[in-house]
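Chemist: following is a predicted model, sequence given first.
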Amino acid sequence: MASNIHPTAIISEGAELAADVEVGAYSLIGPNVSIGTGTKIGPHCVIDGHTRIGANNHFYRFCSIGGMPQDKKYRGEPTRLEIGDGNMVREYVTINTGTAQDVGVTRLGDDNWIMAYVHVAHDCQIGSHVIMANSVQLAGHIHIGDWAILGGMSAVHQFVHIGAHSMIGGTSSIRQDIPPYVIGAGDPFRPVGINSEGLQRRGYDAETISALKEAYKLLYRRNLKVDEAAAAMRRLQDERPAARDAIDVLASFIEREGRGFVR
């Protein structure tokens, strides 16, 4: 057995591991698992299912990755889990495969930070650079955009979409979609403004942040109907051309059909 794989680890026949993958004591890798270069699997982890993991990920001790979906309709279909590159996955995280009732795959992008006891249910689609603090609980079919931050012990209802660059305070209960850039908290979640600090850290200029604040006011402070707010945002794009693309992300989100979004 390779020196980077602990002698007590069990690597199933059929598993595909890059030559430098590290596997800790008592971990189990299933037969339909593929793991890319530079990835580290801590002790007492179970990685099974039809699971593909990219490069330079780090799974801490006691993770359960690629388990079958917690869905009573599941009948053993070969649904999948796909994880990108550079993710940090801490202790006791569980990430399940998809279901045939959705696209059949759960996805986690790149450079995400997933803290202890987080649960990512079947068919979730997680972007990149997302932070989920301890004990965040995601039901099935949830979509989370890039750079979103979810505070500890927050719970998200199935089929909810959380927009890019949003920030959710700890112990929040999210039952409807959260538009991009929005910050808030509570049970139920209540928006309070634009995630200006986060946008500044990611290189958004003052003009764009100012325009997004105005777009937020159209949605939450002007007593406009959703279609009226969306139309006003489209006009704002012409008035603030430097922020056109950023405003489009928000306007397109509220124009789409879904569970309805928090207001």
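Modeler: Yes, it's here.
Chemist: so where is this structure shaky, pLDDT-wise?
Modeler: 1-2 (pLDDT under 70).
Chemist: which parts of it are helices?
Modeler: All helices of the chain, identified by DSSP state H, fall at 196-201, 206-220, 226-239, 244-255.
Chemist: and the longest one, what does it pack against?
Modeler: What that stands for is helix 206-220. The contact analysis (3 or more C-beta pairs under 8 Å, 6 or more residues apart in numbering; DSSP states H and E) places helix 206-220 against strand 190-194, helix 196-201, helix 226-239, helix 244-255. No exception for glycine: its C-beta is placed from N, CA and C like everyone else's.
Chemist: number of residues surrounding Gly14?
Modeler: 11 (other C-beta atoms under 10 Å).
Chemist: can you pull the contacts of the nearest residue to it once chain neighbours are set aside?
Modeler: Residue nearest to Gly14 in three dimensions, not counting chain neighbours: Pro31, with 3.6 Å by C-beta to C-beta, 6 or more residues apart in numbering. Counting by C-beta atoms under 8 Å, 6 or more residues apart in numbering, Pro31 touches 12-15.
Chemist: now, of those residues, which are buried?
Modeler: Ala15 (16 or more other C-beta atoms under 10 Å).
Chemist: using JSON lines, lay out the contacts of Pro31 together with distance to His165.
Modeler: Listed next are the contacts of Pro31 as JSON lines, based on distance: C-beta to C-beta, whole Å:
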{"residue": "Ser12", "distance to His165": "40"}
{"residue": "Glu13", "distance to His165": "44"}
{"residue": "Gly14", "distance to His165": "40"}
{"residue": "Ala15", "distance to His165": "37"}
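Chemist: which of the contacts of Pro31 sit farthest apart?
Modeler: Across the contacts of Pro31, the longest distance by C-beta to C-beta is 7.3 Å; it joins Glu13 and Ala15.
Chemist: count the neighbours of the closest residue to Gly152 other than its chain neighbours for me.
Modeler: Leaving aside its sequence neighbours, Gly152 sits nearest to Ala133 (C-beta to C-beta, 6+ apart; 3.8 Å). By other C-beta under 10 Å, the residues close to Ala133 number 19.
Chemist: got the buried residues for stretch 256-263?
Modeler: Quick answer for stretch 256-263 (16+ other C-beta under 10 Å): 261-262.
Chemist: start to end distance for it?
Modeler: Start to finish, the residues bounding stretch 256-263 are 15 Å apart (C-alpha to C-alpha, to the nearest Å).
Chemist: now do that stretch: distance to the chain's middle.
Modeler: Put simply, stretch 256-263 sits 18 Å off its chain's centre (C-alpha atoms, centre = their mean, to the nearest Å).
Chemist: quick one: contacts of that stretch?
Modeler: 157, 159-161, 174-179, 182, 184, 188-191, 219-220, 253-254.
Chemist: kindly recompute the last result at 6 Å.
Modeler: Outside stretch 256-263, the residues within contact range by C-beta atoms under 6 Å, 6 or more residues apart in numbering are 159, 161, 176-179, 189, 191.
Chemist: nearest to Ile144 among those?
Modeler: Looking across the contacts of stretch 256-263 and measuring by C-beta to C-beta, the closest to Ile144 is His161, at 7.9 Å.
Chemist: surely the closest one touches Asp177?
Modeler: Yes: counting by C-beta atoms under 6 Å, His161 touches Asp177, with 4.5 Å between them.
Chemist: list just the nearest of the contacts of Pro31 to Arg240.
Modeler: Ala15 (52.2 Å).
Chemist: would you confirm that that closest one contacts Val33?
Modeler: Yes: the pair Ala15 / Val33 is scored as a contact, 4.9 Å apart, by C-beta under 6 Å.
Chemist: any idea how far Ser3 is from Phe159?
Modeler: 46 Å (C-beta to C-beta, to the nearest Å).
Chemist: before we move on, what about Asp238?
Modeler: Asp238 is 62 Å from Ser3, by C-beta to C-beta.
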